[in-house]
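A.B. asks: I'll drop the sequence and a predicted model, then ask my questions.
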Amino acid sequence: MSREIEIQARWDGDASVWIATSTDVPGLVVEADTWASMIEEVRLVLPELLEVAGRGQENLSLTFKAEEHLDLAGT
């Protein structure tokens, strides 16, 4: 059985980066220029963060949820 982890990802248009965080993994904050590199960065840091939290090696199921905020001027 896998442990499910939800990753919130949002696009920061000012900085031109994706930012990934998770309430399921304290301390997870990743920034990357592309969606694919953001996912790879999460995969790289996640095991270490889980080990620090005392959760060690587990089978994980990651769900990435994306968000982008746009301000539109009135027409």
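C.D. replies: Sure, I can see it.

A.B. asks: Spell out for me which residue occupies the centre of this protein.
C.D. replies: Residue closest to the average C-alpha location in the chain (Cα atoms, centre = their mean): A20, at 2.8 Å.

A.B. asks: Report all helices and strands that the helix or strand hosting that residue contacts.
C.D. replies: Using DSSP states H and E, A20 sits in strand 17-21. If you count contacts as 3 or more Cβ pairs under 8 Å, 6 or more residues apart in numbering; DSSP states H and E, strand 17-21 packs onto strand 3-12, strand 29-32, helix 35-52. From N, CA and C alone the C-beta is placed, and that goes for glycine too.

A.B. asks: Out of these, which is closest to L62?
C.D. replies: Judged by Cβ to Cβ, the one of those that comes nearest to L62 is strand 3-12, at 5.4 Å.

A.B. asks: just the angle between that closest one and helix 35-52, please?
C.D. replies: On the basis of axes from the mean of the first three to the mean of the last three Cα atoms, to 10 degrees, strand 3-12 is oriented at 130 degrees to helix 35-52.

A.B. asks: If we go by neighbour counts, what in strand 3-12 is buried?
C.D. replies: By 16 or more other Cβ atoms under 10 Å, the buried positions in strand 3-12 come out as I5, I7, Q8, A9, W11.

A.B. asks: What residues of stretch 50-66 count as buried?
C.D. replies: L50, L60, L62, F64.

A.B. asks: Against G74, how distant is the closest residue in space to F64 that isn't next to it in sequence?
C.D. replies: Using Cβ to Cβ, 6 or more residues apart in numbering and skipping the chain neighbours, the partner closest in space to F64 is I7 (4.8 Å). Distance, I7 to G74, by Cβ to Cβ, to the nearest Å: 34 Å.

A.B. asks: what's the answer for A36, then?
C.D. replies: Distance, A36 to G74, by Cβ to Cβ: 35 Å.

A.B. asks: Look at these two and report which has more neighbours.
C.D. replies: Per other Cβ atoms under 10 Å, whichever of A36 and G74 has more neighbours is A36, with 10 against 3.

A.B. asks: tell me the mean pLDDT over stretch 55-73?
C.D. replies: Throughout stretch 55-73, pLDDT has a mean value of 83.
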